[in-house]
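In: coords below, sequence missing:
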């Protein structure tokens with residue numbers, strides 16, 4: 001990730017001498033993720049984010065107050081938050097003014113007194129500025145993307161730190177309240193359920209309040225500011241559906257979105273109980289971002305998606321959003337499952353069978369990008385969204401299906417997200433889980449892991 005050209009800023013909000021006898025140690029910057037080692041921070045676990053934001057598309061200026069409730073995992077003398085860009089105006093810990101300093105994307109908070117292990121504490125950070133757009137190692141853009149009528153906040157893998165401070169690693173999930181004030185001419189669409197919207201006293205602006213009751217990783221938070229046509233409905237099982245569509249995409253998206261309740265209903269029957277309080281989609285203009293993203297509750301699409309893409313991003317609500325990878329090395333657990341969901345839907349909807357889709361991928365030559373590296377070991381951060389993670393990841397699951405049989409496999413599709421709901425898991429967790437549920441199949445499964453999940457090149461046998 002690029003590092004902004006920022007001076008080190010020391011906000012002397014509290015004296016650093018005689019501040020209560022601090023005997024703890026700093027929480028540590030970065031969680032040593034294999035691909036994004038500076039992402040996230042150690043020493044604490046975030047429980048809740050309360051974000052109060054004000055954005056004006058005319059000036060591109062964002063003003064924010066972030067209240068972060070966390071639990072200390074050890075005695076802390078200081079701790080870090082991730083924040084790319086913006087100017088920090090002040091910070092407090094449990095109402096006491098704290099010292100805040102900046103080095104690149106690290107915002108270090110030094111509380112007046114030590115935070116004892118096990119203590120729940122509340123940090124408030126006030127900040128403002130023009131949010132930055134982040135260029136990823138693979139050349140794609142995330143963070144804060146300006147659009148024709150507003151902005152779009154996207155966070156995979158670390159872009160959420162462009163618009164609020166936090167522990168921006170998938171291993172630290174939290175609940176959220178996101179309140180956004182924008183000009184009355186535009187809307188502010190985010191994750192979770194809309195708790196209310198209210199005009200300001202002057203009648204020129206509107207405050208939108210969203211609540212996320214289930215844990216959410218920072219990379220699947222979103223904020224879409226612009227002009228949208230919104231619609232509310234329900235799935236056959238009664239799950240609330242909230243869609244927001246840029247008016248330029250309204251006609252083209254009608255048929256696809258009409259199938260959303262049907263898709264979620266089918267996925268619920270296939271993958272198990274829907275894990276969140278609502279579902280839906282945000283469709284912005286084509287070109288506003290270069291990719292679709294599985295933002296929690298309602299995925300974001302750059303223009304009208306295909307039905308297959310809609311199925312894929314909605315499948316992520318189980319695989320990726322509810323069961324979230326421990327590190328970015330485990331991306332195939334997100335993308336392999338979601339891709340296999342596409343294959344299952346294609347067969348369900350009268351298209352190619354899953355076996356035919358698998359055979360089509362298998363027919364590609366050994367030089368094809370799908371065989372460039374094993375799904376469980378992308379070579380670096382620039383390749384975590386490459387074809388082996390998606391298609392070969394799905395092929396791993398099909399090989400598992402061949403070993404354990406359809407009955408056990410479809411039970412696995414439901415039990416994996418149910419048993420790990422709202423948590424984190426890695427590849428080792430998954431392989432152990434499959435083996436434990438299928439005694440007597442360990443040797444055959446070990447061959448799948450060796451050849452398809454960890455092996456280099458095209459496996460010898462399909």
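Out: Great, that's in hand. Just so it is clear, the model here is predicted, and its values are computed rather than measured.

In: okay, and for the protein, where does confidence drop off?
Out: 1-22 (pLDDT under 70).

In: and the helices in it?
Out: In the chain, the helices defined using DSSP state H lie at 250-258, 260-271, 307-315, 331-348, 354-362, 387, 393-404, 406-419, 427-437, 442-448.

In: a markdown table for the ones you listed, including mean neighbour count and distance to residue 177?
Out: For glycine as for every other residue, the C-beta is placed from the backbone atoms N, C-alpha and C. Below are the helices of the chain laid out as a markdown table (neighbours: other CB atoms under 10 Å; distance: least, CB to CB, whole Å):
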| stretch | mean neighbour count | distance to residue 177 |
| --- | --- | --- |
| helix 250-258 | 15 | 27 |
| helix 260-271 | 19 | 25 |
| helix 307-315 | 22 | 24 |
| helix 331-348 | 24 | 26 |
| helix 354-362 | 16 | 41 |
| helix 387 | 20 | 38 |
| helix 393-404 | 22 | 34 |
| helix 406-419 | 16 | 25 |
| helix 427-437 | 17 | 30 |
| helix 442-448 | 15 | 43 |
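
In: so which of those is nearest residue 135?
Out: helix 331-348 (18.9 Å; CB to CB).

In: helices or strands up against that closest one?
Out: helix 260-271, helix 307-315, strand 324-325, helix 354-362, helix 393-404, helix 427-437 (3 or more CB pairs under 8 Å, 6 or more residues apart in numbering; DSSP states H and E).

In: what strands line up against the shortest one, and which way round?
Out: To tie it back to what came earlier, the one meant is strand 324-325. According to DSSP bridges, strand 324-325 has the following sheet partners: strand 424-425 (parallel).

In: and the strand it pairs with, how far from the chain's centre?
Out: 13 Å (CA atoms, centre = their mean, to the nearest Å).

In: check stretch 110-122 too.
Out: 28 Å.

In: same question for stretch 90-107.
Out: Per CA atoms, centre = their mean, the centroid offset for stretch 90-107 relative to its chain is 25 Å.

In: I'd assumed residue 130 was in contact with residue 60.
Out: Yes - Residue 60 lies in contact with residue 130 (CB atoms under 8 Å); the separation is 4.9 Å.

In: select, out of the helices of the chain, the one closest to residue 370.
Out: Here helix 387 is closest among these (CB to CB), at 4.6 Å.

In: what sits up against the closest one?
Out: Applying CB atoms under 8 Å, 6 or more residues apart in numbering, the contact partners of helix 387 are 368, 369, 370, 372.

In: repeat for stretch 123-130
Out: With CB under 8 Å, 6+ apart as the contact definition, stretch 123-130 has outside contacts at 60-68, 70, 81, 83, 85-93, 98, 100, 107, 109, 165.

In: let's see 7 Å
Out: 60-68, 70, 85-93, 109, 165 (CB atoms under 7 Å, 6 or more residues apart in numbering).

In: go on, stretch 52-69?
Out: By CB under 7 Å, 6+ apart, stretch 52-69 touches 46-51, 120, 122-131, 146, 149-151, 163-166, 179-183, 186, 225.

In: what about 6 Å?
Out: Applying CB atoms under 6 Å, 6 or more residues apart in numbering, the contact partners of stretch 52-69 are 46-51, 122-128, 130-131, 150, 164-165, 179-182, 225.

In: flag every buried residue along that stretch.
Out: Neighbour counts using 16 or more other CB atoms under 10 Å place 52, 53, 54, 55, 56, 57, 62, 63, 64, 65, 66, 68 of stretch 52-69 among the buried residues.

In: so which of the contacts of helix 387 is the closest to residue 206?
Out: The nearest member of the contacts of helix 387 to residue 206, counting by CB to CB, is residue 369 at 46.1 Å.

In: and the gap between that closest one and residue 290?
Out: According to CB to CB, to the nearest Å, residue 369 stands 18 Å off from residue 290.

In: again, but for residue 235
Out: From residue 235 across to residue 290, the span is 30 Å (CB to CB).

In: who's more crowded, these two?
Out: Per other CB atoms under 10 Å, whichever of residue 235 and residue 290 has more neighbours is residue 235, with 20 against 12.

In: contact partners for the residue nearest to the spatial centre of the chain?
Out: Centroid-nearest residue in the chain: residue 220, 2.4 Å away (criterion: CA atoms, centre = their mean). Counting by CB under 6 Å, 6+ apart, residue 220 touches 295, 296, 321.

In: quick one: it and residue 247, what's the gap?
Out: Residue 220 sits 26 Å away from residue 247, going by CB to CB.
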